[in-house]
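> Make a model of this:
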Amino acid sequence: MAHLLLWGETREILGGDLPASPPAEEVRSLAALEAALDERGAALVLADPRRLEAERDEVVAWLRSGGSSQVVLLAVADPTDGDEVLRRFPFVDDLLLRPVTPVQLRRKLERAIESLGRRTAIRQLERAYSRRGEELSQLNQIGVALSAERDIRRLLELILSKSREITVADAGSLYLVERAPGAGNGHVNRLRFKLAQNDSVPLDFEEFTIPLDETSIAGYVALAGETVNEQDAYHLPKGSSYTISRSFDEKSGYRTKSMLVVPMKDHQDLVIGVVQLINKKRDPAAVLQSASLVDDPGISFTTVDRSLVESLASQGGVAFENADLIQRIRKLFDEFILAAVSAVEQRDPVTSDHSRRVAELTVALAERVDKAPAGPLAPVRFTDDQMQEIRYAALLHDFGKVAVKEKYLFKEKKLYSRQMIAIRQRFAYILKAFEADHLRMRLEMMSAGRTEGLAVLEAEYQRKRAEAERVLDAVVRANEPTVLAEESFSAFASLPTRHFESNEDEDLFPVEAWSEPPFLSSTEAEALSVRKGSLTADDRDRINAHVQSTYEFLIKIPWTAELRAIPEIAWAHHEKLDGSGYPRQLKGSDIPVQSRMMAIADIYDALVAQDRPYKKAVAPERALSILTAEAKAGLLDADLLRVFIEAKIFDLPAFKALIRQRT
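Next comes the predicted model:
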């Protein structure tokens, strides 16, 4: 109940002695006033204006900080000074004019009690609205965080930790519903114990499953779809179908008491999980290390807690469903990309698994670069989405080979198979033509009796035959995709050849017309003159066009924002820092760093791969030496290559597992 305080001298305030009723107490300062309130609670304060003036700023600050909820402040003045006092002290509740009678005091005290009651109610409502506003704001913030999280594990941890945070729960666990396909045919629905958190005792957590039935409180909530709030888990209401396992408590010395168990539902109101909160605390910092401590700091969960967690669980359920859908879509997309890569590699089996190996190396290199603590690569950082972007770009970097004709992809020798078959048939015809001409001329000479010229005829026949056989043997040896010796290169470069406008003209040229030298076409001589490998300049241009085709294919795919750089990354993986690469002759920083990393991985795999029929595998040490030489020549990024070598990215088990021996 409110009481009466006189701030100043009684005679100055009342113009007489302290009244007997209502009882009053004198105070001489704001500090004394606050002390009196601490002892006796709310009061009606009659103040001398001179006291108010002496501590004016302090009084205003005190009233604003909550003092107005404890007092009704009246200034006491003479009738002639009333208006001036109200002007000078606008913060007072009212003015009381002298002389002040006991009846006036009792009346003012009664009104003060009513006023303070109203103020208290208003303050309580304000605090309630403020708390509600804070709770809603917190829920909104949590909702934003939940909707932004796409990692399933982190999302579930966020749902549980935020549920515990807003309810001040000491511990908690989270279950996911696993519905078996064809349940009832030997398959059962289950609950997976997915997460556990506890602030007071350490947890040795492992996932496990339990039947989805009403014997457990989590199972009951999942089946009923309703929240359960238990004050004491050891003393459940009579008739409860569920029980509480005490095994953890018995092992750890913990005491599970208050429990709030809330279903987590999707947008179709189907229960997909259960949030289980344990032991609400008054003090968030309290540690319930033993059962004896639970009863004191532990309290029951409130209806407000229930409302908050149900709202959070609802948001969490939708967020989980969205994250799970995104994850399943990504898995589907992963499988589609791998299937697409496999389809391309079916057209080019000699490079089987090359794209996956390049992806393994490139992603591993990107992960190490992302962690670089210092140096020129320290500013380079990649998000999870960008890592996925790099992986997809590496997997699809050769996708354009689907537009390259098989004959270029399968070219194991310098000459195409049909060309070599044609040459062998041609030389077989040439030798037979030489033999037929020789026998015809020999018969004519013998018939005419000119036997003296037979030896010369035979020698010329053998010379022509030997020359043809020498050329054929040189063709067979030069057709192998090894490094061509200088003398062989010079021989083919200076060899007389037949020129045709196109390969089609060459194919249509009658075999009889080849019986006289030159025995090879310019196209065949050009192919046989390739110094290294099996591809001519025209062949290489046709295969290199796969990079442009890759870009043209990938740019048609409606990539999401986080994957939009995939076409650009794949497009630039054959560019060189000095501008000598293809297809756009980009230089330096114009080449994306992701493409520069892929270039190193692509070249390394091409060197060490043991599945190329037209070349021998290069030892890893030799491959690294070749890469180092290209970096020194300004073709490859030396900083990225240094990380590749120092981190031994090439020793990655996942990469080595994809290198198969060629039989």
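> how near is Glu360 to Asp398?
Distance of Glu360 to Asp398, given as CB to CB, to the nearest Å: 15 Å. No exception for glycine: its C-beta is placed from N, CA and C like everyone else's.
> my bad, Thr256
Taken as CB to CB, the span from Thr256 to Asp398 is 58 Å.
> Kindly report the same for Arg424.
33 Å.
> More neighbours: which of the two?
Asp398 (24 against 13; other CB atoms under 10 Å).
> So the more buried one sits against Ser352, correct?
No. At 11.5 Å, Asp398 and Ser352 do not qualify as touching, with contact defined as CB atoms under 8 Å.
> May I ask which helix or strand encompasses Glu467?
In this structure, Glu467 sits in helix 454-478 according to DSSP states H and E.
> Let me know the average pLDDT across that helix.
Mean per-residue pLDDT for helix 454-478: 88.
> So which elements touch that helix?
Using 3 or more CB pairs under 8 Å, 6 or more residues apart in numbering; DSSP states H and E as the contact test, the elements touching helix 454-478 are helix 417-447, helix 486-494, helix 522-528.
> and these as a markdown table, adding mean pLDDT and distance to Asp283?
As requested, those are exported to a markdown table (pLDDT from 0 to 100; distance: least, CB to CB, whole Å):
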| stretch | mean pLDDT | distance to Asp283 |
| --- | --- | --- |
| helix 417-447 | 88 | 83 |
| helix 486-494 | 58 | 87 |
| helix 522-528 | 81 | 85 |
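> Of all those, which one is nearest Ile591?
helix 522-528 (32.0 Å; CB to CB).
> For stretch 226-241, which outside residues touch it?
Stretch 226-241 has contacts (CB atoms under 8 Å, 6 or more residues apart in numbering) with 214-215, 217, 220-221, 242-244, 246, 256-263, 278, 300-301, 306, 309-310.
> Name all residues that make contact with Glu526.
Thr536.
> now do the one 10 residues further on
Residues counted as contacts of Thr536 (CB under 8 Å, 6+ apart) are 414, 526-527, 530.
> residue contacts, Ala366?
Contacts of Ala366 by CB under 8 Å, 6+ apart are 382, 387, 390, 594, 597.
> which element is it on?
For Ala366, the host element (DSSP H and E) is helix 354-370.
> Give me the angle between the helix or strand following that helix and helix 354-370.
Of the helices and strands lying after helix 354-370 in sequence (DSSP H and E), the nearest is helix 384-395. When axes from the mean of the first three to the mean of the last three CA atoms, to 10 degrees is applied, the directions of helix 384-395 and helix 354-370 differ by 150 degrees.
> on contacts alone, who are the packing partners of helix 384-395?
By 3+ CB pairs under 8 Å, 6+ apart, helix 384-395 packs against helix 303-347, helix 354-370, helix 566-571, helix 593-608.
> Just tell me which of those ends up closest to Phe193.
Nearest to Phe193 among those is helix 303-347 (16.0 Å), distances taken as CB to CB.
> quick one on the thing from earlier: contact partners of the helix holding Glu467?
414-415, 423-424, 427, 430-431, 434-435, 437-438, 441-442, 445-446, 484, 488, 491-492, 517, 519-520, 524, 528-529.
> Residue ranges in the stretch 101-250 of the chain under the pLDDT threshold?
103, 105, 109, 112-113, 115-150, 182-187 (pLDDT under 70).
> now the helices: where do they sit in it?
Applying DSSP state H, counting those that start in this stretch to the stretch 101-250 of the chain gives helices spanning 102-148, 152-167, 217-224, 247-252.
> Who are the contact partners of the closest residue in space to Gly375 that isn't next to it in sequence?
Among residues not flanking Gly375 along the chain, Asp639 sits closest, at 7.2 Å (CB to CB, 6 or more residues apart in numbering). Going by CB under 8 Å, 6+ apart, Asp639 touches 375-377.
> just Ser580 next, same as before
With CB under 8 Å, 6+ apart, Ser580 has these contacts: Leu635.
> ditto for Arg56
With CB under 8 Å, 6+ apart, Arg56 has these contacts: Phe89.
> Let's check: the centremost residue of the chain is which one?
In the chain, the centroid-proximal residue (CA atoms, centre = their mean) is Asp384; its distance is 3.0 Å.
> Distance check, that residue against Glu360.
Distance, Asp384 to Glu360, using CB to CB: 17 Å.
> With Leu191 instead?
37 Å.
> List the buried residues in the helix holding Glu467.
For helix 454-478, the neighbour count (16 or more other CB atoms under 10 Å) marks 457, 461, 464, 468, 471-472, 474-476, 478 as buried.
> do the same with stretch 428-440
By 16+ other CB under 10 Å, the buried positions in stretch 428-440 come out as 430-431, 433-434, 438.
> Just the CA trace of that stretch, in PDB.
Output of stretch 428-440 as PDB, limited to C-alpha atoms (Å, rounded to 0.1, in the frame of the first residue of the first chain):
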ATOM      1  CA  ALA A 428      49.500 -54.200-102.800                       C
ATOM      2  CA  TYR A 429      48.100 -53.100-106.200                       C
ATOM      3  CA  ILE A 430      51.300 -51.100-107.000                       C
ATOM      4  CA  LEU A 431      53.400 -54.200-106.400                       C
ATOM      5  CA  LYS A 432      51.100 -56.400-108.400                       C
ATOM      6  CA  ALA A 433      51.100 -53.700-111.200                       C
ATOM      7  CA  PHE A 434      54.900 -53.700-111.200                       C
ATOM      8  CA  GLU A 435      54.900 -57.500-111.300                       C
ATOM      9  CA  ALA A 436      52.300 -57.600-114.200                       C
ATOM     10  CA  ASP A 437      54.200 -55.000-116.200                       C
ATOM     11  CA  HIS A 438      57.400 -56.800-115.600                       C
ATOM     12  CA  LEU A 439      56.000 -60.200-116.700                       C
ATOM     13  CA  ARG A 440      54.300 -58.700-119.700                       C
END
